[in-house]
Structure formats: structure tokens, C-alpha cells
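Visitor: Test case, fold it:
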Amino acid sequence: MLLGVPFDAGTTYQPGARFAPYHLRRVSALVQGWHPVHQLDVFRALRAVDGGNVAFPPFDRGAMRDAVQGEVGLIASAGAVPFVVGGDHSVALPALRAVAEVHDPVAVIHLDAHLDTSGPEVWGEDHHHGTPMRHAIAEGLIAPGQLHQIGLRGPWGGADDGKLAAAHGGLRFWADEVTELGAAAIGAALGDAIGDLPVYLSIDVDVLDPAFAPGTGTPVPGGLTSRELLALLRALAGVDLVGADLVEVCPTLDHADLTCHLGAHLIYEAMALVARQR
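Guide: Next up, the predicted model:
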């Protein structure tokens, strides 16, 4: 089930991601069902349902987290797979809380330019779009050794920024390594590391180079191409996907709907992973 979360009060640079659920739905009309790589019709294999937007006061971070956790929890406990469309990346934490409550700690595949393990010392706020993975580790939502981060790049605030995620364990592939190793090798490595654990997939669209995804509030040069990211998602075939999010699409910064169209296809590719399991 698809859920929109029109929230961007957790952004630290350019807002506008609250408008993504509407625009991704609008352009998704062009996405057809048959997947020529997986050789199946995604929308025939799945009973795909648009659950609308989660309702909450637009600037209340706590109310957003409670509402998202409640809605995602209902979906997951019913045996369905929630696909959360943000919104900024802070919406991932309550979705992860709900999924982990049903499936126990999960493996997380985190596609992002950033670590998202910041603390309150950066902006004076403990919950923003740079903190969800830190909270998920602290709360035990991610199984030990199962935070897998792909597409990281760009400067850090300090040498210690990566220590928390590294200490938790998991695979880490820098953006350059995605090009050097290729999607198939990375997908195989992830499959070996994860095994039969349930998987939560978190896609921050700034994992892509801004040339391919200009519509995002925190762009970082040197990212993945759209072809690399689509191939990487297809290479995850066989994982037990129990939840996913797509975040940080900012339509107000987009050009010719490039990022929105790509975002709709990323959701489709994630749905195809579930369709393969059915």
C-alpha cells in the first residue's frame, strides 16, 4: 500500500518535499505494469492500493511521527507492504518503528548521499532529516550488522561522522564504488549479507547526481546515474522486502518533472521486488 507523507518540517536547507506525494501520483499515470527484466506484470501480481496521505498538523514533528507509525503499523500488521512517499527523510523513522514492531529488527538498505546519523548538536533539534538512522540504531530497529549504506559521498562535518554507522556494522558502498563494482556485484553482496532477514528499503533521491534528480533540497554532486540506481534496485531481486520509503523529492526545485518521473519509477521498481515474492 502506498502512503503519502506531505511533511518537510525536518528539512535543514531547501523545503518543498511536502508536495512530492501529489506530484509523484500525477506522473505515475505513465508507469505501465509489465516489467521486462523481472518478466511479470507488477500490478497484476500485487493488489496495489493508494492509501492517500497521512493526516497530521503540518509543522508538528511529534504528531507526524505518531500518525505515520500508526498508519504504517496497520498496514504491516495486516500482512501488506507499506510504501511511504515523503516528505523529508525524517518520515522514515516512524515507518521503521512500525515495520520493526511487526517483523522484529530488520535489515536496512539505505540509499543516500548522506549518513543520516546526525545528532541534535548540529541544528539544536533531535529529529530532522539528518537523524533517522541514528535513532533507528539507538532504538534497536535495525538488526546488528544490517545497516547497508549505498551512494555516500561529499564532505563531512568531521572525521568521526561515520563512526556510529560503522560501529553498528553493515556494508558501505561509496558512490564511486557503485560505478566501479557495478549493480550486480553490489546486489549479490547485499543478498549474501542479508540472507533471509526482512528488509526495509529507504531511498533518498539525493543518492542520485543532481544532473539526474535536480528536484531535491540537499543535492550533492557526484552521485549515481538514474540507470545505476534502477539497475541496483533490480539487483536486489530475492530480498524479503517488508517496507520502503522514497523521500526528499522536491517538486518546486525540479525541471520538467525529471525527478518526479524518476521517483515514480523507483517506487515501481521497489514494488516489483515484492511482486517477485508473490
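Visitor: Any idea how far stretch 122-136 is from the middle of the chain?
Guide: With CA atoms, centre = their mean, to the nearest Å as the basis, stretch 122-136 stands 16 Å off its chain's centre.
Visitor: Over to stretch 75-82?
Guide: Here stretch 75-82 shows a centroid-to-chain-centroid distance of 17 Å under the convention CA atoms, centre = their mean.
Visitor: Dump it to PDB, keeping only the CA atoms.
Guide: The C-alpha trace of stretch 75-82 is given here as PDB (Å, rounded to 0.1, in the frame of the first residue of the first chain):
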ATOM      1  CA  ILE A  75      -0.600  -1.900   7.000                       C
ATOM      2  CA  ALA A  76       2.300  -4.000   8.100                       C
ATOM      3  CA  SER A  77       0.300  -5.900  10.800                       C
ATOM      4  CA  ALA A  78      -2.300  -6.800   8.100                       C
ATOM      5  CA  GLY A  79       0.500  -8.500   6.100                       C
ATOM      6  CA  ALA A  80       0.800  -5.900   3.400                       C
ATOM      7  CA  VAL A  81       3.900  -3.900   2.400                       C
ATOM      8  CA  PRO A  82       3.900  -0.200   3.100                       C
END
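Visitor: buried residues in that stretch?
Guide: Of the residues in stretch 75-82, those with enough neighbours to count as buried (16 or more other CB atoms under 10 Å) are 75-76, 80-82. C-beta here means a position set from N, CA and C on the backbone, and glycine is covered the same way.
Visitor: same deal with stretch 35-50?
Guide: Applying a neighbour-count criterion of 16+ other CB under 10 Å, the buried positions in stretch 35-50 are 35, 38, 40, 42-43, 45-46, 48.
Visitor: ok, back up a step: tell me which entries of the buried residues of stretch 75-82 lie within strands.
Guide: Using DSSP state E, no member of the buried residues of stretch 75-82 sits in strands.
Visitor: Throw the residues you listed into a markdown table and include pLDDT and distance to residue 269, thanks.
Guide: Formatted as a markdown table, the entries for the buried residues of stretch 75-82 read as follows, by pLDDT from 0 to 100; distance: CB to CB, whole Å:
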| residue | pLDDT | distance to residue 269 |
| --- | --- | --- |
| 75 | 98 | 20 |
| 76 | 98 | 20 |
| 80 | 97 | 18 |
| 81 | 98 | 14 |
| 82 | 98 | 16 |
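Visitor: So which of the residues you listed are in helices?
Guide: Among the buried residues of stretch 75-82, the members falling in helices are 75-76 (criterion: DSSP state H).
Visitor: Now do the same for residue 58: its pLDDT.
Guide: pLDDT, residue 58: 88.
Visitor: swap in the one 3 residues further on?
Guide: The predicted local distance difference test score for residue 61 is 95.
Visitor: element containing residue 147?
Guide: strand 142-152 (DSSP states H and E).
Visitor: Any chance you could list what contacts that strand?
Guide: 96, 100, 104-115, 133, 136-137, 165, 168-175, 178, 186, 190, 193-194, 197, 207-208, 223-224, 229, 232 (CB atoms under 8 Å, 6 or more residues apart in numbering).
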